[in-house]
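In: What follows is a predicted structure for the sequence shown.
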Amino acid sequence: MKVNLCLPVLIFLAITASACGRAIEVTPSRVEKTVTFTLVPTSTRSFSHIPTATSTRIPTQPPAPLPTLPTCAVGYSHLQIGGEARVTPGMANRVRSEPAVEQNIISQIGPGMIAHVIDGPICADDLVFWKVEHPSIPGGSGWTAEGDGREYYLEPYVPLGDNLIVYVVDKAFSSEIDVMNDDGSGATRLSGDTGYYHYPAWSPDGKKIVFTYSEKVERSNVDIYIMNADGSGVRRLTEHEATDTFPHWSPDGTRIVYVSYRLDGEIFVMNADGSGQTNLSNNPADDSLPHWAPDGSKILFNSRRDGNHEIYVMNADGSGQANISNNPAMEIEGTWAPDGKRIAFISNRTGNNDIFVVNVDGSGDMNLTNRSSNDWYPNWSPDGERIAFLSDRDGQTDLYLMNADGSGVTRLTHSPESEGYLVWSSDGTRILFVLNWKKRNSDIFVVNVDGSTLTNITNSQANETEIDWAP
């Protein structure tokens, strides 16, 4: 079961304490990852600040063998004749008549544009030049710089496959939603790069992505949107001056549950087209963090209606609301077992944070970790046999794995930085997570469940976070 949580962690923390051949340069979202789409702001409801992605591609032949590289390109250049290249985010590459800075500028290719490489490389003026074809270039082709050996302006274009990861690139004064293959290749910006995009989540069929957007101030007047998996067909689902956030798809993909602050925090549900918006929890206390049961019949959520954080369950129509943790301590971060019969959650009833499980009717409460350390962020494996979690039991926050009964604890990572945002692969063989998520310059990692092959799949200077793996 995939759980993509952010607010639980926030609650937990709050409670527990032009020589370069460029015509345009803005702050790039990353150095070593680039975008695929040229983005034109549009919206199906005329909200012009939400973009729809388009792309330009040229049919290509299979790439030719790499030529003998000139000295300045050895160990640096990654392009090849017959392949395709795309322009780095935030850049617009000048196109010249010949491979030299002083030659006539005949055009430029913008951020995310894809061009076909037909000649090169040639070293000139401390730059590596390639000749590319693109419909926007007068005459069809021209020379443009790959980079200067320290920074890329062009990179190889890698098509997106089926095993995709959607995530947020969090920047100083904005954020964006990107997608990439699960090996880190093909990183592509789906959203615009102004405003604040958060909480992207795949629909159960992998064809759409729900997310939140705020135009000006982060997490202020936030609304919920959906788009197609390629960034097209953006549609605004909620339109209210209050914040609507933390959207989650129903298992059949027909409805979306979310938190609305139109009153106090309330659990709302709507159809996937935005119709039928209904307050389910309807209580003056703060309700948050809703998650559908695997069969869609119930919704799990967090509530403070009893004076402290408790785990509640209700029917999908809002009836039958019941406190299933029922303890004066703090109980947060509830998550369903794949069979829908049990719920894992965090409690500090022992004086520190432990991971408990309870039956959906509130019976069978059991402490799985039962240590003096802090354990949190439980996340069930797809088969329900194991639970991934975070713990500081060895002096630093790392990723651990245990059987569903609490036995067989295994440490998967050994890092001085903090992990967060755990997501299982659909086959249960790997776990995706964000490292250094509490600070800037976080990266997305993946590790096998036996602890082998720990890989940084973003490895950039940007701040990647809020991940979800396509089903």
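Out: Thanks, I have the structure now. Residues are numbered from 1 along each chain as shown.

In: Please count neighbours and contacts with C-alpha atoms only from this point.
Out: OK.

In: Go ahead and flag the most central residue of this structure.
Out: When CA atoms, centre = their mean is applied to the chain, the residue found nearest the centroid is Tyr167 (1.5 Å).

In: secondary structure element for it?
Out: Using DSSP states H and E, Tyr167 sits within strand 164-170.

In: got the end-to-end distance for stretch 193-213?
Out: 11 Å (CA to CA, to the nearest Å).

In: Distance from it to the middle of the chain?
Out: Averaging C-alpha positions (CA atoms, centre = their mean, to the nearest Å) puts stretch 193-213 8 Å from its chain's average.

In: Residues contacting that stretch, please?
Out: Defining contact as CA atoms under 8 Å, 6 or more residues apart in numbering, one finds that stretch 193-213 is touched by 4, 166-168, 173-177, 191, 214-219, 222-229, 244-253, 466-471.

In: tell me the domain boundaries of the chain?
Out: What automatic domain parsing lists as the domains of the chain is 7-16+160-469, 37-156.

In: Now tabulate those in JSON lines and tack on mean pLDDT.
Out: What follows is these, written out as JSON lines (pLDDT from 0 to 100):
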{"stretch": "domain 7-16+160-469", "mean pLDDT": "92"}
{"stretch": "domain 37-156", "mean pLDDT": "71"}
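
In: Go through stretch 294-301 and flag the buried ones.
Out: For stretch 294-301, burial by neighbour count (16 or more other CA atoms under 10 Å) applies to 294, 296, 298-301.

In: same deal with stretch 134-143?
Out: Using 16+ other CA under 10 Å as the test for burial, stretch 134-143 gives 134, 137, 141-143.

In: How about stretch 265-273?
Out: Across stretch 265-273, burial judged by 16+ other CA under 10 Å covers 265-272.

In: and that stretch, how far out from the chain's middle?
Out: Averaged over its C-alpha atoms, stretch 265-273 has a centre that lies 21 Å from its chain's centre (CA atoms, centre = their mean).

In: Quick one: residues in contact with it.
Out: By CA under 8 Å, 6+ apart, stretch 265-273 touches 237, 253-260, 276-283, 285-288, 290.

In: Mind giving me the PyMOL command for buried ones among those?
Out: To isolate the buried members of these in PyMOL, using 16+ other CA under 10 Å:
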select buried, resi 237+253+255+256+257+258+259+260+278+279+280+281+282+283+285+286+287+288+290
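
In: Just the ones of the contacts of stretch 265-273 in helices?
Out: Among these, DSSP state H puts none in helices.

In: In CSV: the buried residues of stretch 294-301, plus secondary structure and distance to Gly340.
Out: As requested, those are exported to CSV (DSSP: H, G, I helix; E, B strand; the rest coil; distance: CA to CA, whole Å):
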residue, secondary structure, distance to Gly340
Pro294, coil, 6
Gly296, coil, 9
Lys298, strand, 9
Ile299, strand, 11
Leu300, strand, 11
Phe301, strand, 14
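
In: wait, which of the residues you listed is closest to Tyr153?
Out: Pro294 (44.9 Å; CA to CA).

In: check which helix or strand covers the nearest residue to the closest one once chain neighbours are set aside.
Out: Excluding the flanking residues, the one nearest Pro294 by CA to CA, 6 or more residues apart in numbering is Gly340, at 5.7 Å. Gly340 belongs to no helix or strand when assigned by DSSP H and E.

In: Gly340: what's it in contact with?
Out: Taking CA under 8 Å, 6+ apart, we find Gly340 in contact with 293-295, 360.

In: tell me the two of these that are most distant?
Out: Of all pairs drawn from the contacts of Gly340, the widest gap by CA to CA lies between Asp295 and Val360 and measures 13.0 Å.

In: Val357: what secondary structure?
Out: Recorded secondary structure, Val357: strand (DSSP: H, G, I helix; E, B strand; the rest coil).

In: Can you name the residues that contact it?
Out: 342-345, 364-368 are the contacts of Val357 under CA under 8 Å, 6+ apart.

In: any chance of those in CSV, plus distance to Gln461?
Out: Listed next are the contacts of Val357 as CSV, based on distance: CA to CA, whole Å:
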residue, distance to Gln461
Arg342, 40
Ile343, 37
Ala344, 35
Phe345, 34
Gly364, 46
Asp365, 44
Met366, 42
Asn367, 40
Leu368, 38
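
In: Tell me the strands beside the helix or strand just after the strand holding Tyr167, with direction?
Out: Using DSSP H and E, the next helix or strand after strand 164-170 towards the C-terminus is strand 175-181. Sheet pairing for strand 175-181, assigned by DSSP bridges, gives strand 164-170 (antiparallel), strand 188-189 (antiparallel).

In: most neighbours per residue, which of these?
Out: With neighbours taken as mean count of other CA atoms under 10 Å, the strands paired with strand 175-181 reach their highest mean count in strand 188-189, at a mean of 27.

In: what's the spacing between Val128 and Ser107?
Out: Taken as CA to CA, the span from Val128 to Ser107 is 18 Å.

In: likewise Thr465?
Out: Thr465 sits 36 Å away from Ser107 when distances are taken as CA to CA.

In: the more surrounded of the two?
Out: Thr465 (28 against 19; other CA atoms under 10 Å).

In: who are the neighbours in contact with the more buried one?
Out: Residues in contact with Thr465 (CA under 8 Å, 6+ apart) are 167-170, 421, 434, 437, 442-444.

In: Next, it: secondary structure please.
Out: Thr465 ends up strand, using three-state DSSP.

In: Name whatever forms a beta bridge with it.
Out: Here Thr465 sits in beta bridges with Val168, going by DSSP bridges.

In: repeat for the one 4 residues further on
Out: Going by DSSP bridges, Trp469 is paired in beta bridges with Ile165.

In: show me the contacts for it.
Out: 2, 163-166, 202, 423-425.

In: about what we covered before: for Arg94, which of the strands paired with strand 175-181 is the nearest?
Out: Nearest to Arg94, of the strands paired with strand 175-181 and by CA to CA, is strand 188-189 at 21.5 Å.
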